[in-house]
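[1] Provided below for reference: sequence and predicted model.
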Amino acid sequence: MGNITCKICNEVFAEDSNLHRHLKAHKIRIEDYYVTHFPRKDLFDDAPIKFKNKEQYFSTDFNGRLNLKKWIKEKPEEEVKSYIKDLLIRRKEKKGIKYSPCQVELRSLITPPIKVYNKFFKNYYNLCSELGLINKFDNFNKIEVDESQDFTSCKIFVDSREQRPLVFSRASEMVGLKFGDYTFSNPASTGNCYIERKSVNDLIGTLSGGYERFIREIERAKANGAYLVILVEESFNNCMGFNFLPHVYQKGVKPTPEFVFHNVREILQNYLDVQFLFVDGRKEASRVVEKIFTCGLAYKKIDLQFAYDEKRL
């Protein structure tokens, strides 16, 4: 029995897709239909919420993260706490997420980052636990070199298929890797960590047309007991707005940042031993690779993007 009623003619439909096809008979675009019959306003400046798709339209309260940030600064503490807590509750209920959203997930949505949650709730992870979410990470001070281990003779293994290998301060060696682009010559010291390096263009291709192939690579890593870090040598903000970067986004390219980061979030919720980390360029990528490989197993319990954003990595 259908329960979706057309606001123009009152005809009832079983699914949104049926309604959307029906709207052609009224010569009205899907966007205009929802904006006209279900007007929604930005909580900060009262501007109409911009329509991208139905799910986004009804789940979004702000036209961008900047308006959310401004709203948080202006509103009383208790109102802010109630709202940002509800964002997590809604995501848990509507998306069925199991793990506490990490920094990459939060920053790819119109949601405050971990730092803001810590400001209002003291401890983001405690809040998530109260909401029934599982924490993959712990609070931390700074990622340091594990002084209990001697890494002097250790090398960084670089996959022989790497076209533009990163340059490191320690010795490296080209080898054939089954997955990932970089690993340490002493896997026991890193908990079998592998790092997959990507440019922003690689990220777009991998998380769109190459998605199924990439999932198979993640599954291979999982089957081999590996921990996989996808290291993107481009800032998070640039990757979120790659459609505005002329050297990246060209006419005719179909994937959008929303589509790419939807798939990023899916992977982060589906795989416990996978992290994404976005850094500011290749030099930073090289530094971070060495830092991860020499911190012992600390990286496994630390949200790497949060650590990088807070300059603790």
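    It's in. Numbers count the residues shown, from 1 in each chain.

[2] from here on, contacts and neighbour counts on C-alpha atoms
    Noted.

[3] quick check: which element contains Val158?
    If you go by DSSP states H and E, Val158 is part of strand 156-159.

[4] that strand pairs with which strands, parallel or anti?
    Within its sheet, and counting by DSSP bridges, strand 156-159 is paired with strand 172-175 (parallel), strand 182-184 (antiparallel).

[5] can you tell me how far Lys95 is from Glu55?
    Distance, Lys95 to Glu55, using CA to CA, to the nearest Å: 11 Å.

[6] and what of Gly205?
    Using CA to CA, one obtains 25 Å as the distance from Gly205 to Glu55.

[7] what about these two, which has more around it?
    Gly205 (14 against 9; other CA atoms under 10 Å).

[8] please name the nearest non-neighbouring residue to that one.
    Tyr211 (7.9 Å; CA to CA, 6 or more residues apart in numbering).

[9] tell me which stretches of this protein form strands.
    Taking DSSP state E to define them, one finds strands in the chain at 4-5, 12-13, 156-159, 172-175, 182-184, 193-198, 227-232, 274-278.

[10] for the last one, packing partners?
    Just to be clear, that refers to strand 274-278. Applying 3 or more CA pairs under 8 Å, 6 or more residues apart in numbering; DSSP states H and E, one finds that strand 274-278 contacts strand 227-232, helix 257-270, helix 304-309.

[11] now do the worst-scoring helix or strand of the chain on mean pLDDT: distance to the chain's middle.
    Ranking every helix and strand in the chain by mean pLDDT, DSSP states H and E puts helix 187-190 at the bottom, with a mean of 89. Distance of helix 187-190 from its chain centroid, counting by CA atoms, centre = their mean, to the nearest Å, is 26 Å.

[12] repeat for stretch 134-144
    Distance of stretch 134-144 from the chain centroid (CA atoms, centre = their mean) equals 17 Å.

[13] can you give me the buried ones in that stretch?
    Across stretch 134-144, burial judged by 16 or more other CA atoms under 10 Å covers 135-137, 143.

[14] go on, stretch 205-221?
    By neighbour count with 16+ other CA under 10 Å, stretch 205-221 contains the buried residues 206-208, 211, 217-218, 221.

[15] do stretch 104-117 as well
    Per 16+ other CA under 10 Å, stretch 104-117 contains these buried residues: 104-117.

[16] can I get that stretch in PDB, CA atoms only?
    Below are the C-alpha coordinates for stretch 104-117, written out as PDB (Å, rounded to 0.1, in the frame of the first residue of the first chain):
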ATOM      1  CA  VAL A 104      37.200  12.000   8.600                       C
ATOM      2  CA  GLU A 105      33.500  11.000   8.800                       C
ATOM      3  CA  LEU A 106      32.600  14.100  10.900                       C
ATOM      4  CA  ARG A 107      34.500  16.500   8.600                       C
ATOM      5  CA  SER A 108      32.900  15.100   5.500                       C
ATOM      6  CA  LEU A 109      29.400  15.800   6.900                       C
ATOM      7  CA  ILE A 110      27.800  19.000   8.200                       C
ATOM      8  CA  THR A 111      28.800  17.900  11.700                       C
ATOM      9  CA  PRO A 112      31.200  19.400  14.200                       C
ATOM     10  CA  PRO A 113      34.700  17.800  14.400                       C
ATOM     11  CA  ILE A 114      35.900  15.900  17.400                       C
ATOM     12  CA  LYS A 115      37.500  19.100  18.900                       C
ATOM     13  CA  VAL A 116      34.100  20.700  19.200                       C
ATOM     14  CA  TYR A 117      32.500  17.700  20.800                       C
END
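
[17] so of the strands of the chain, which one's packed in deepest?
    Among the strands of the chain, the stretch with the highest mean neighbour count (mean count of other CA atoms under 10 Å) is strand 182-184, at a mean of 26.

[18] let me see the confidence value for Tyr271.
    Tyr271 carries a pLDDT value of 97.

[19] also Lys251?
    57.

[20] going forward, count from 46.
    Got it, first residue is 46 now, which makes that one Lys296.

[21] returning to what we had before: in JSON lines, list the buried residues of stretch 179-189 along with pLDDT and distance to Thr301.
    Supplementary listing: these in JSON lines, determined by pLDDT from 0 to 100; distance: CA to CA, whole Å:
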{"residue": "Asn180", "pLDDT": "97", "distance to Thr301": "29"}
{"residue": "Lys181", "pLDDT": "96", "distance to Thr301": "28"}
{"residue": "Phe182", "pLDDT": "96", "distance to Thr301": "29"}
{"residue": "Ile188", "pLDDT": "90", "distance to Thr301": "33"}
